[in-house]
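Novice: Give me coordinates for this.
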Amino acid sequence: MSIVIPAMNEANAIGGVVSGLRAAAPWREILVVDDGSTDDTAARAGAAGACVIRHPYNKGNGAAVKSGIRRAGGDFVVIIDADGQHPPEDAQRIAARLGEYDLVIGARSPATQATSARRAGNAMLNRLASYLTGRPIPDLTSGFRGARTECLREFMHLLPNGFSTPTTTTLAFIKAGYNVAFEPVHARQRAGQSKIRFARDGARFFLILLKVVTLFSPLRIFLPISASSFAVGSLYGLWNMAANGKIPNGAVILILFAVSVFLVGLVSEQIASLRFEGPKK
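Specialist: Coordinates of the predicted model:
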């Protein structure tokens, strides 16, 4: 069991996180990926007993996670935040379920998430993901998770360098048919300030929504839109035909729009399926 901790300017918390994990269980290794920190995060992680991987500049949380996955020597990887939110006991509970499950996600309760805006955004993502996958997803964006290493490496080509890595891995595992479980965890108050800002990252959040839709289950979005447009156009055209003896241009446009959306959704669904075949060897 390998532990991977992506970290950027977390000098105040990283030493305690590593020490707590080392005291909790005999992990194979604890890998701290220092993502271009400008403080002494790397030094404190190393002093606490972690193996430190350093990025020469900041690449993003997802890039740090990928560096850790590439270096991990264990059959399973537990990914935990460097800010001290998650107690070592929760890491043990997640690790205990690996083997039976290929991916175990630490599901936070909404009350432990920092702001009302963050809670609303995560709730929207959770509902969308639940609809796309056909199963309840209580916490799509939690970065606290454990997974089978070979399965994570199977999806490395899909993982972004930014903060949507948890979203991508969760949906990728479910779409690929792997066993996925959610383990309730309690998130403590983090040390320091969050790297995510609502105003700055609002556009990224919108892009994550678009990516989730187009990458994983396009037809579950495109088909209802197409069917609604076709139904409205057909009813509008029939009503005008009966009342005025002609089909209006608006009805024709709605029906053509419905056909176009359906065809785009069909092509998108095929492309999404091809992406999960993995990279060519």
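
Novice: correct me, but P184 touches S109?
Specialist: Yes: using C-beta atoms under 8 Å, P184 is in contact with S109, at 7.2 Å. C-beta coordinates here come from the backbone N, C-alpha and C atoms, glycine included.

Novice: Mind jotting down where the strands sit in the stretch 151-281 of the chain?
Specialist: 180-185 (DSSP state E, counting those that start in this stretch).

Novice: what's the burial count for L215?
Specialist: 20 (other C-beta atoms under 10 Å).

Novice: Can you check the pLDDT for the closest residue to it other than its chain neighbours?
Specialist: Spatial nearest neighbour of L215, excluding adjacent residues (C-beta to C-beta, 6 or more residues apart in numbering): A272 at 5.8 Å. Per-residue pLDDT puts A272 at 74.

Novice: Adjust the sequence numbering to begin at 756 for everything that follows.
Specialist: Happy to do that; since the first residue is 756 now, the last one works out to A1027.

Novice: hang on, A1027 packs against S972?
Specialist: Yes: A1027 lies in contact with S972 (C-beta under 8 Å); the separation is 7.3 Å.

Novice: ok, the two, which is more surrounded?
Specialist: S972 (24 against 17).

Novice: My guess is that one contacts T888. True?
Specialist: Yes: look at S972 against T888 with C-beta under 8 Å: they come within range, at 7.3 Å.

Novice: Common neighbours of these two, please.
Specialist: Common neighbours of S972 and T888 (criterion: C-beta atoms under 8 Å, 6 or more residues apart in numbering): K930.

Novice: So, low pLDDT: which residues of the protein?
Specialist: 865-870, 872-873, 944-961, 963-964, 967, 1030-1036 (pLDDT under 70).

Novice: domains of it?
Specialist: 757-959, 974-1030 (automatic domain parsing).

Novice: can you put the ones you listed in JSON lines and add distance to K966?
Specialist: Shown next, in JSON lines, are the domains of the chain (distance: least, C-beta to C-beta, whole Å):
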{"stretch": "domain 757-959", "distance to K966": "7"}
{"stretch": "domain 974-1030", "distance to K966": "11"}
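
Novice: Need the winner for burial among those.
Specialist: Greatest average neighbour count among these goes to domain 757-959 (a mean of 19), per mean count of other C-beta atoms under 10 Å.

Novice: dump the residue contacts of A902.
Specialist: Taking C-beta under 8 Å, 6+ apart, one finds F831, V832, I834, L853, D857, L858, V859, T924, F928 in contact with A902.

Novice: and with 6 Å instead?
Specialist: V832, L858 (C-beta atoms under 6 Å, 6 or more residues apart in numbering).

Novice: so it, which of the three states?
Specialist: strand (DSSP: H, G, I helix; E, B strand; the rest coil).

Novice: helix/strand/coil for D838?
Specialist: State at D838, reduced to three classes by three-state DSSP: coil.
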